[in-house]
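Student: sharing a model that was predicted from the sequence below.
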Amino acid sequence: MHSPLLLENDPIAGLATPPGNSALAIIRLTGLKLRERLLPLLRRPNGRHATLNDFTPRMLQRIDLMDFPTHGKMPLDKAMMVYFPAPHSYTGEDVVELHCHGSPVVVKRILELLTDLNIRPAKPGEFTRRAYLNGKMDLTQAEALISLINSATLRSAQEAIRQMEGSLSKRITQAKEQLLTILAHIEASLDFADEDVTPLPSQALLMEIAGVAESLGQLLRTAVLGKHLQDGFQLLIAGSPNVGKSSLFNRLLGRSRAIVAATPGTTRDCIESHIEIQGIPVLLIDTAGLRQTDEAVEAEGIKLTRERLGQADGVLLVLDAQQPISEESLELMRSLKNGIIVWNKIDLYHNDLPLINTNWPVIKISCLTGDGLDSLLSAIAGLLLPLPIDGEGAVIMAARQREAMVLAIHALAECEALIVHGKPGEITALPLRTALQALGEMVGQVTHDALLDRIFGTFCIGK
């Protein structure tokens, strides 16, 4: 943890609500001697000048904001104010929120007046950066906060909330403590080699290290899920021309986005749209129909489809209940692992459908009537979203976290190899220290300004 008020603590202000016309706007402020600087701006509703005693902790109260350079008698805005004293605030410093009316003109003027009071505009993420520097959260929790703000689905928001509560931090801290114990055993045998200190046998050390490496490996495997929760699973709709791919695309979107026509080859390019399916973020991709063609533009679209097939997390292979299965569709079933067979136009076909030799789920739908869509949505959810390994929300969401985890696991593997080959303790201790440093960087116990700039620079101003 960092000592409170370790680095920059000059007063700052930022708009914590989106810019533009709105009923309300919240201007957030934090820093040293904040109340003293604000006094010229504030009047009580009875016209009395505000004093330090008017900053009642955690009580939302009426306040008038005055355009003090003009010495006017009318307030600039009739607002509300709430004060959070240090250290029990978001940043660990004194925090004040001004809840004013959401007129862009009024908000702009208030921010100008705050600058005149030597309360400078906040940089992106500066409030959360101060919260981190003052020990209110670690880096994984800060990164979870930006994940929450950027969440496109309820599922990703829930995961971010769990990480803000420390689910990932606890796992990393536990691994660090185990590694520190192992390192202590190794270093004790070095420091007290002439005394009666019995080092742990090599086999015991290897078992301890392997246990930590396995735990970290489980966490690392969640990085795939974390990336999908952030960016969405790629779900590609494929099949022969005119089987209803674009109709299914529009059905899943709930609106018309792709052109639907009876002419084969209408879709020439990949059309994408982000949707949510049972809480799962999905990048849905409509593609050109797969067939042999001499038409140059359509052939290019088919080439692009085949390229995207190799990148997709799942495929909806659409078949027409009124048509035989094409060779291209059969080839997709043989070559791809993760997909769903979607028989379309079942409202027009009442005979038994041909049996298909595949392990893929088979769903019958009608894009015209909507029959079978609920079953398809459930099948898609089952196809795409594995549960976190431990069910506790410990999922790696950020690329930086993944890089640190890979470094730590590689260092532990190096340590195991050195022990197996009988290397002395001073040598085997080196990769252990590397692993500890990597885990420390993950939660922010070891860091530098460039890393903090990269992380907090992605935040919005006012957070």
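Tutor: Everything's here; your move.

Student: how is the chain carved up into domains?
Tutor: 12-136, 148-222+393-444, 236-384 (automatic domain parsing).

Student: closest to His228 out of those domains?
Tutor: domain 236-384 (7.0 Å; CB to CB). For every residue, glycine as well, the C-beta is placed using N, CA and C.

Student: would you map the strands across this protein?
Tutor: 12-15, 22-30, 42-43, 61-65, 77-84, 95-102, 120-121, 233-239, 271-277, 280-286, 314-320, 339-344, 362-364 (DSSP state E).

Student: save the ones you listed as a markdown table, and put in mean neighbour count, distance to Ala404 and mean pLDDT too.
Tutor: Converted to a markdown table, the strands of the chain look like this (neighbours: other CB atoms under 10 Å; distance: least, CB to CB, whole Å; pLDDT from 0 to 100):
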| stretch | mean neighbour count | distance to Ala404 | mean pLDDT |
| --- | --- | --- | --- |
| strand 12-15 | 24 | 30 | 95 |
| strand 22-30 | 19 | 29 | 95 |
| strand 42-43 | 20 | 46 | 94 |
| strand 61-65 | 18 | 45 | 95 |
| strand 77-84 | 18 | 33 | 96 |
| strand 95-102 | 20 | 31 | 96 |
| strand 120-121 | 14 | 32 | 94 |
| strand 233-239 | 24 | 25 | 87 |
| strand 271-277 | 16 | 29 | 85 |
| strand 280-286 | 22 | 25 | 86 |
| strand 314-320 | 24 | 29 | 88 |
| strand 339-344 | 24 | 34 | 90 |
| strand 362-364 | 18 | 41 | 91 |
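
Student: want to throw those into TSV with distance to Ala142?
Tutor: TSV is the format used below for those (distance: least, CB to CB, whole Å):
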stretch	distance to Ala142
strand 12-15	16
strand 22-30	16
strand 42-43	31
strand 61-65	30
strand 77-84	19
strand 95-102	17
strand 120-121	21
strand 233-239	26
strand 271-277	25
strand 280-286	22
strand 314-320	32
strand 339-344	38
strand 362-364	42
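
Student: looking at those strands, which is nearest to Gln163?
Tutor: Among those, strand 280-286 sits nearest to Gln163 (CB to CB), with 16.5 Å.

Student: neighbouring strands of the closest one in the sheet, and parallel or not?
Tutor: For strand 280-286, the pairing partners within the sheet under DSSP bridges are strand 233-239 (parallel), strand 271-277 (antiparallel).

Student: okay, the ones you listed in a markdown table with distance to Asn53 next?
Tutor: Shown next, in a markdown table, are these (distance: least, CB to CB, whole Å):
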| stretch | distance to Asn53 |
| --- | --- |
| strand 233-239 | 56 |
| strand 271-277 | 50 |
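
Student: quick one, which of those strands gets closest to Thr369.
Tutor: Comparing these by CB to CB, strand 233-239 comes nearest, at 18.6 Å.

Student: go ahead and confirm Ile172 touches Val443.
Tutor: Yes: shown here, Ile172 and Val443 form a contact pair, counting by CB atoms under 8 Å, at 5.3 Å.

Student: overlap in contacts, these two.
Tutor: Thr140 (CB atoms under 8 Å, 6 or more residues apart in numbering).

Student: give me the more crowded residue out of the two.
Tutor: Taking other CB atoms under 10 Å, Ile172 and Val443 do not tie; Ile172 has more neighbours (26 against 21).

Student: quick one: pLDDT of Ala198?
Tutor: If you look again at residue 198, you'll see it is Thr, not Ala. As predicted, Thr198 sits at a pLDDT of 55.

Student: quick one: contacts for Asp371?
Tutor: Ile346, Asp347, Lys364, Ile365.

Student: neighbour-wise, which of those leads?
Tutor: Result: Ile365 is most packed of the contacts of Asp371 (other CB under 10 Å), 25 neighbours.

Student: is it true that it touches Asp347?
Tutor: No: applying CB under 8 Å, one finds Ile365 not in contact with Asp347, separated by 9.3 Å.

Student: where in the stretch 301-450 of the chain is pLDDT low?
Tutor: 301-303, 305-307, 350, 386-393, 446-450 (pLDDT under 70).

Student: just to check, Ala398 is in contact with Glu143?
Tutor: Yes: assessed by CB under 8 Å, Ala398 is found in contact with Glu143 at 4.8 Å.

Student: which one's more surrounded, those two?
Tutor: Neighbours per residue (other CB under 10 Å) separate Ala398 from Glu143, with Glu143 holding more: 26 against 23.

Student: re earlier: from the contacts of Asp371, pick the one nearest Arg37.
Tutor: When those are compared against Arg37 (criterion: CB to CB), the nearest one is Ile365, at 63.7 Å.

Student: and the longest helix for this protein?
Tutor: Longest helix of the chain, by residue count under DSSP state H: helix 167-191.

Student: ok now that helix, how far from the chain's centre?
Tutor: 28 Å (CA atoms, centre = their mean, to the nearest Å).

Student: with stretch 239-250 instead?
Tutor: For stretch 239-250, the distance to the chain centre is 32 Å (CA atoms, centre = their mean).

Student: now swap in stretch 147-167 and tell me
Tutor: 7 Å.

Student: and for stretch 270-281?
Tutor: 16 Å.

Student: before we move on, the earlier item: right, so of the strands paired with strand 280-286, which gets closest to Ser202?
Tutor: Proximity to Ser202 (CB to CB) singles out strand 233-239 among those, at 44.3 Å.
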